[in-house]
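Enquirer: Got a predicted model here, sequence first, then my questions.
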Amino acid sequence: MITAIAIMALGAVVLGALLGYASIKFKVEGDPLVEKIEAILPQTQCGQCGYPGCRPYAEAINKGEADINLCPPGGMEGVQRLADLLGREVKPLDAEEKPKAVAFIDEQTCIGCTLCIQACPVDAIIGAAKQMHTIVADLCTGCELCVPPCPVECISMPVIGENLDNWKWKYPVIELKKVA
Amino acid sequence: MEFTTSPYLLKNASVQRVMLQVLAALLPGIAAYVWVFGSIILLQLVIATVTALLAEAAMLKLREKPLGLFLSDGSAIVTAWLIALTFPPLSPWWLIVTGTLFAIVIAKHLYGGLGQNPFNPAMVAFAACIVSFPALMSQWPAVGLQVSVADQARVVFGLLPRLDAISGATPLDTLKTALKLDEGSISVTQLLADQTVYGFFAGRGWEWVTGGYLLGGLFLLWRGLISWHAPTAFIAGLSLFSGALWLYNPAQFANPMFHLFSGGAMLGAWFIVTDPVSGCTTMKGKLIFGFAAGALAYLIRVFGGYPDGVAFAVLLMNICVPIIDHYTQPAIFGMKDRS
Amino acid sequence: MLSLFKFKGGVKPQTNKTQSVSEPIAVAPLPSRLFVPLHQSIGGTPQPLVQAGDHVLKGQMIGAADGWISSAVHAPTSGSVRAVAEHIAAHPSGLTTLSVEIEPDGKDEWGERTPIDHGAMAPETVRERLREAGVVGLGGAVFPTHGKLTASKTVPMEELVINGAECEPFITCDDLLMRERAEEVIRGVGIFRDLLQPKRVLIGIEDNKPEAVAALQAAVAKLGEHFEVVAVPTRYPAGGAKQLIRVLTGKEVPAAKRSTDLGVQCFNVATAWTAWRAVAHGEPVVSRIVTLTGNVEKPRNWEALIGTPLAEFVKLGAPKADTNGYLMGGPMMGFEMPAMDAPLVKATNCIIAGSPTLFPPKAPEMPCIRCGECAKVCPHELQPFEMYWFSRAHNFGKTQEYHIFDCIECGCCSFVCPSRIPLVQYFRFAKSEIWAREKEKNAADQAKARFEWKTAREEREKAEKAEKLAKAAAAQAAKKAAEAAAAAVAPAGNEPPPAGEPAPTGAPSTNAASANASPVAVAVTANDAAPLDAEAAKKAAIAAALERARAQRAAVAPKNTDHLTAAQAREIAAVDALRQQTGLEAAPPADNGETKP
């Protein structure tokens, strides 16, 4: 009886020590999950989720503070992928899914106030004080953060339609029922 | 135009054509079967076919798939015929029905229907029935049975009692039982000399039926519907193992010829291990799959508890298909011998 | 005799070539309108050089190549430019592309044509000429030819393969070209040979075109060249560049490598012909030979202008009543033209009128039964059914493991599939999804990096500002102290301190001490001098800060104008020129040499 207890206790101690050692030895620096979550987020840095950027949102998701359906640019596909990664339930997006757009500055109206330049999270607007500003369309993430600061409302968000550069072959549609 | 993307030219090929050719390839075997065991097999083929089609229709309906398209593809009929040909010809009707239902409903449609089944449905049916009804599944009529077809049909439908006189074990089974009972006092060579049971080289009558299957298999090979890899490897596996043990002790172990032409070996080699859906797809994989199935079939036949081992061997190998395929992916164009 | 190699797989569809070879090539009449898309080759989209209202001559450049891998576009005939606008493209999507609409004036008047003697010129000049002349691969891939005419630096050029195989059913444009213009084809091949300096030149033609083989052999003999004209077995897709290279040289070019890395390069016969015209006659690519066949009364080959609208072109063949669509390219790899006003382009080798009897509607797709037929016929020895499973399941990572990008979309797998699965469409779908995702991923990574830079920069600026403020505050305090000290010292100078007293160090205590010495005087001077000095100090501090800021700016500002790419420099130059014009800026920055014209 006592031997048995002693053996069990010894086992517990040894295994516990091993586990403790392993947790120190193989400690993972940082939080890889946050990285993985962030990799799924579209990096528009738009703040539409209520967090100041994609990284903070990823951290909030990781901590369980934020839901996974708050990212409109990521769309339903993003929600799906987050759900897959985190093993959470897929939820409908907490906003309307918008087609991808880029900002466009009406250069006739622009007064060169630089407010949009300061608002742009990815430095996709160039210009200087009292000089006309313009958007570098290739860098624009379509986050819309430049739209509200503009005092003369010269920024619009035209949708990028389908063109020959972004056109994709469609998934073959299987119409079995029609035949039967 | 209705078409959307290239290619706009298509070869005149269809699943239906493939399946019909497989059925055609079974005909020589069936003809030999009728000649050896009587025309009762035709009744069993009809029972199996009707059951398979009804089960298929019901399942398609349940799964909301187009009936016409899938019923006419012929895959259910192939399964039905294989079941009828592997089950004893005097099996009661309900045994055939149970087997067919099991194959179509469980082995095929529960896994997603045509093309999705990981196991060969006919072999699943055979395995399920031999485990559940071992006695019924191992009674074969004696060759040259002097019972009218009408009476045989009555037996099938349970209107006449199953007489031991009209059915007995298969040559394979007989040999095994004899060896077990005699515990080595009698040698295989002596046993096989009895031509009333064992025929010229592999069981009286059986050699003709299995020869018919071989003919059908060669037809499939000629039509390009199957590749030579799996059947050859299966035959090689079976011959190699049986040959090795036969050379080691001819008194205890039957010769390869006997093994190849009795039981389900030929049917298995040409119609079961070549099943594309549940078999390997790479050429190397097919060789491994066939060889291992042949070897396993022999081991189960000789050392296992069942009269024949082809079904279990194939099912066991079906499990291994994904991993075999994974590790036998061929080198692609431009990536060969450049490591 | 050359020993041939085999490629695995392939199929033998009905060739249907005899219909369109009975008549010689005819020159198509001028259409009423031409729509010349600017983007007709792989690579950068050419910039339009003309505007609506301009008059253009035949062969005049209307679109300048943008970047090295890009090819110029020319006016196919003389006439007036009606518009430079979006027009439906010869593309399966039915989307539009920037095109130049030209109304021919009927004169078909050539602009200036300057032939060059390529033998006497540097290879770079010849390549440049081909780029300017819009010479692209006319086999269907339309890769700019000049981009393929540079041999690998490390691997010696062994074989030059010329592709006259033309393996797709129905198409006969290369066949007729080789029969009728063999000599010019061979001369064009000579240009490629001179540029690449291969050890051997092999011309591969499928053995169902004996006339073309004979014509080319005669031309080779006549010109005294040492090219080998080889008849290769007829089997689709023997005319795929990689398959033909394999058949003729035994080399297999994987997707990840360039053929020049293996010492071999491949050109189409029609490309060779246009190269010869461009070099020896100064004629850019403004037309091409197009097979018009299929469900038409008069199938034949036409030399048609680039930009001819489909509707006007097909009239030449008198399509039959039950025609229900037109394919561009062959039936194995072509696509259905999206509209009747879509133009012929450089890639248009064939137009096939379709009918329900010619191309019956596709039978319903059945599940894959893993029969392996597709793998058997795949010329790249892929496992199409595996790629199909994963494409279907949107598991794109797995499709790449099964080498989906080695797929050349030849269509053999779909051709033989008993389940009639549109395998190629699945692969195209998967490929374009993978590309789109890659693009998205890159954009996201870039956005993330830029966001991080911006955040870091803002933080740094904030820190610098705080530091500056702190410094300024410290300076202020120091100044104040100094002033006070000075104030203290000044009175002391007036009234020499008694010996033995410590010298003033600017500390308030000293102040107090000296104040003790002459309380009234100190008080007065201090009150007078302090505000004045403080003001001067503040001014000095501001000046210093400004100076510092200027120095900092000088140190920081030029950074992002260093290491400009040529394109950026050009852009800056253009903007500067514009500024100068509008008087926004007096002179261009001195450091930018490119601004000076």
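Expert: Here it is on my side, so go on.

Enquirer: make it CA atoms for all contacts and neighbour counts henceforth
Expert: Fine.

Enquirer: so what does the one helix or strand B:I323 maps to touch, helix or strand wise?
Expert: B:I323 is part of helix B:310-327, with elements assigned from DSSP states H and E. Packing partners of helix B:310-327 (3 or more C-alpha pairs under 8 Å, 6 or more residues apart in numbering or on different chains; DSSP states H and E): helix B:121-132, helix B:283-303.

Enquirer: need these in TSV with mean neighbour count, mean pLDDT and distance to chain A, can you?
Expert: As requested, the helices and strands packed on helix B:310-327 are arranged in TSV below (neighbours: other C-alpha atoms under 10 Å in any protein chain shown; pLDDT from 0 to 100; distance: least, C-alpha to the nearest C-alpha, whole Å):
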stretch	mean neighbour count	mean pLDDT	distance to chain A
helix B:121-132	22	94	24
helix B:283-303	24	94	29
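
Enquirer: can you redo those helices as JSON lines with distance to C:Q14?
Expert: Listed next are the helices and strands packed on helix B:310-327 as JSON lines, based on distance: least, C-alpha to C-alpha, whole Å:
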{"stretch": "helix B:121-132", "distance to C:Q14": "38"}
{"stretch": "helix B:283-303", "distance to C:Q14": "29"}
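
Enquirer: Of those, which is nearest chain C?
Expert: When these are compared by C-alpha to the nearest C-alpha, helix B:283-303 sits nearest chain C, at 9.7 Å.

Enquirer: Could you give the number of residues near C:A470?
Expert: C:A470: 12 surrounding residues under other C-alpha atoms under 10 Å in any protein chain shown.

Enquirer: Low-confidence regions, chain B specifically.
Expert: B:1-4, B:143-146, B:163-169, B:178-203, B:337-339 (pLDDT under 70).

Enquirer: need the residues of it near chain A, please.
Expert: With C-alpha under 8 Å from any C-alpha of the partner chain as the criterion, chain B meets chain A at residues B:65-69.

Enquirer: could you give the angle of the helix holding B:I323 to helix B:283-303?
Expert: 150 degrees (axes from the mean of the first three to the mean of the last three C-alpha atoms, to 10 degrees).

Enquirer: Residues touching helix B:310-327, excluding its own?
Expert: Residues outside helix B:310-327 that contact it (C-alpha atoms under 8 Å, 6 or more residues apart in numbering or on different chains): B:118-120, B:123-124, B:126-127, B:264-265, B:268, B:272-273, B:278-282, B:285, B:288-289, B:292-294, B:296-298, B:300.

Enquirer: And the residue of the stretch 401-550 of chain C closest to chain B?
Expert: For the stretch 401-550 of chain C, C-alpha to the nearest C-alpha, closest residue to chain B: C:P418, 3.8 Å.

Enquirer: who's in contact with that residue?
Expert: The neighbourhood of C:P418, defined by C-alpha under 8 Å, 6+ apart, consists of B:13-15, B:18.

Enquirer: now do C:G134
Expert: Residues in contact with C:G134 (C-alpha under 8 Å, 6+ apart) are C:71-74, C:144, C:284-285.

Enquirer: related to what we said a few turns ago, quick one: buried residues of the helix holding B:I323?
Expert: B:310-318, B:321-322, B:324-325 (16 or more other C-alpha atoms under 10 Å in any protein chain shown).

Enquirer: So whichever residue of the stretch 451-597 of chain C sits closest to chain B versus chain A, what's the distance?
Expert: Residue nearest to chain B within the stretch 451-597 of chain C: C:T565 (35.9 Å; C-alpha to the nearest C-alpha). According to C-alpha to the nearest C-alpha, to the nearest Å, C:T565 stands 17 Å off from chain A.

Enquirer: Run a quick neighbour tally on that residue.
Expert: 10.

Enquirer: ok, now which ones touch it?
Expert: With C-alpha under 8 Å, 6+ apart as the criterion, no residue contacts C:T565.

Enquirer: Averaged pLDDT, the helix or strand encompassing C:V220. What do you get?
Expert: Secondary structure assignment for C:V220, by DSSP H and E: helix C:210-223. For helix C:210-223, mean pLDDT rounds to 95.

Enquirer: other SSEs contacting it?
Expert: With contacts taken as 3+ C-alpha pairs under 8 Å, 6+ apart, helix C:210-223 sits against helix C:173-180, helix C:182-196, strand C:228-232.

Enquirer: Against which helices or strands is the second one packed?
Expert: Okay, so that is helix C:182-196. Other elements packing on helix C:182-196 under the criterion 3+ C-alpha pairs under 8 Å, 6+ apart are strand C:159-163, helix C:210-223, helix C:269-280.

Enquirer: Dump those to JSON lines, plus mean neighbour count.
Expert: Output for the helices and strands packed on helix C:182-196, formatted as JSON lines (neighbours: other C-alpha atoms under 10 Å in any protein chain shown):
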{"stretch": "strand C:159-163", "mean neighbour count": "26"}
{"stretch": "helix C:210-223", "mean neighbour count": "18"}
{"stretch": "helix C:269-280", "mean neighbour count": "26"}
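
Enquirer: just to revisit the earlier point, would you quantify the distance from the residue of the stretch 451-597 of chain C closest to chain B to C:E571?
Expert: Going from C:T565 to C:E571 by C-alpha to C-alpha, to the nearest Å gives 10 Å.

Enquirer: and what of C:A219?
Expert: Taking C-alpha to C-alpha, one finds C:A219 at 49 Å from C:E571.

Enquirer: repeat for C:A182
Expert: Using C-alpha to C-alpha, C:A182 is found at 45 Å from C:E571.

Enquirer: Could I get the contacting residues of the most centrally placed residue in chain A?
Expert: Against the mean C-alpha coordinate of chain A, by C-alpha atoms, centre = their mean, the closest residue is A:L41 at 2.1 Å. For A:L41, the contact set (C-alpha under 8 Å, 6+ apart) comprises A:54, A:58, A:71, A:74, A:78.

Enquirer: from those, which is closest to chain B?
Expert: When those are compared for distance to chain B (C-alpha to the nearest C-alpha), A:G78 wins out at 28.9 Å.

Enquirer: Quick check: chain neighbours aside, which residue is closest to C:P254?
Expert: B:G334 (4.3 Å; C-alpha to C-alpha, 6 or more residues apart in numbering or on different chains).

Enquirer: and the one you found, which of the three is it?
Expert: State at B:G334, reduced to three classes by DSSP: H, G, I helix; E, B strand; the rest coil: coil.

Enquirer: State whether it and C:E252 are indeed in contact, as I suppose.
Expert: Yes: using C-alpha atoms under 8 Å, B:G334 is in contact with C:E252, at 4.4 Å.

Enquirer: So which of the helices and strands packed on helix C:182-196 is nearest C:N16?
Expert: Nearest to C:N16 among the helices and strands packed on helix C:182-196 is helix C:210-223 (15.8 Å), distances taken as C-alpha to C-alpha.

Enquirer: Give me the distance between that closest one and the centre of its chain.
Expert: Centroid separation between helix C:210-223 and its chain, computed with C-alpha atoms, centre = their mean, to the nearest Å, is 36 Å.

Enquirer: Likewise for stretch B:73-92?
Expert: How far stretch B:73-92 lies from its chain's middle: 9 Å, per C-alpha atoms, centre = their mean.

Enquirer: What residues are bridge-paired with the closest residue to chain A within the stretch 201-350 of chain C?
Expert: In the stretch 201-350 of chain C, the residue that lies nearest chain A is C:F335 (12.2 Å; C-alpha to the nearest C-alpha). Taking DSSP bridges, one obtains C:M328 as the residues bridged to C:F335.

Enquirer: give the contact list for it.
Expert: Contacts of C:F335 (C-alpha under 8 Å, 6+ apart): B:4-6, C:91-92, C:327-329.
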